[in-house]
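*Asks:* kindly generate the corresponding structure for this input.
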Amino acid sequence: QVQLVESGGGLVQAGGSLRLSCAAPPFMLDYYNIGWFRQAPGKERQGVSCVSASDGSTYYADSVKGRFTISRDNGKNTVYLQMNSLKPEDTAVYYCAAENKYLHCSVSRREYDYWGQGTQVTVSS
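*Replies:* Predicted structure coming up:
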């Protein structure tokens, strides 16, 4: 059973920052693209960002571009999502997921094979 474990969520005021972590099994980051998704109450799960296994190339949804940064540390088997200038509309459960592909990561949830349990991020106004 492949297990991804998110951490780092919490309550923060608007304009604040949080860093989410996604712990993956050993060597997964060498072969799987990793994505971050979020789901707000009553809304569909949407892709936020992803990082490709091959070269570390990244993608960001327009809603977070310039505020969020995805990074990975293969030695620690961990992917991070640094979230700055947070807004109330960023409030959601955040999930990391693994895509069984090596190139050109996607933020289409249908492409992802393994999911974490999620971590709550709440941004107060």
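
*Asks:* what comes up buried for the helix or strand where residue 30 lies?
*Replies:* For residue 30, the host element (DSSP states H and E) is helix 28-31. Of all the residues in helix 28-31, those buried under the rule 16 or more other C-beta atoms under 10 Å are 28, 29. For glycine as for every other residue, the C-beta is placed from the backbone atoms N, C-alpha and C.

*Asks:* also stretch 44-58?
*Replies:* 45, 47, 48, 49, 50, 51, 52, 53.

*Asks:* likewise for stretch 104-117?
*Replies:* For stretch 104-117, burial by neighbour count (16+ other C-beta under 10 Å) applies to 105, 106, 107, 109, 111, 112, 114, 115, 116.

*Asks:* for the fourth one, which non-adjacent residue is closest in space?
*Replies:* It refers to residue 109. Of all residues not flanking residue 109 in the chain, residue 45 sits nearest, at 5.6 Å (C-beta to C-beta, 6 or more residues apart in numbering).

*Asks:* and that neighbour, what are its phi and psi?
*Replies:* Main-chain dihedrals, residue 45, degrees, to the nearest 10: phi -70, psi 130.

*Asks:* ok so, going back, ok, of the buried residues of stretch 44-58, which one's closest to residue 18?
*Replies:* Residue 18 lies nearest to residue 48 out of these, by C-beta to C-beta, at 12.9 Å.
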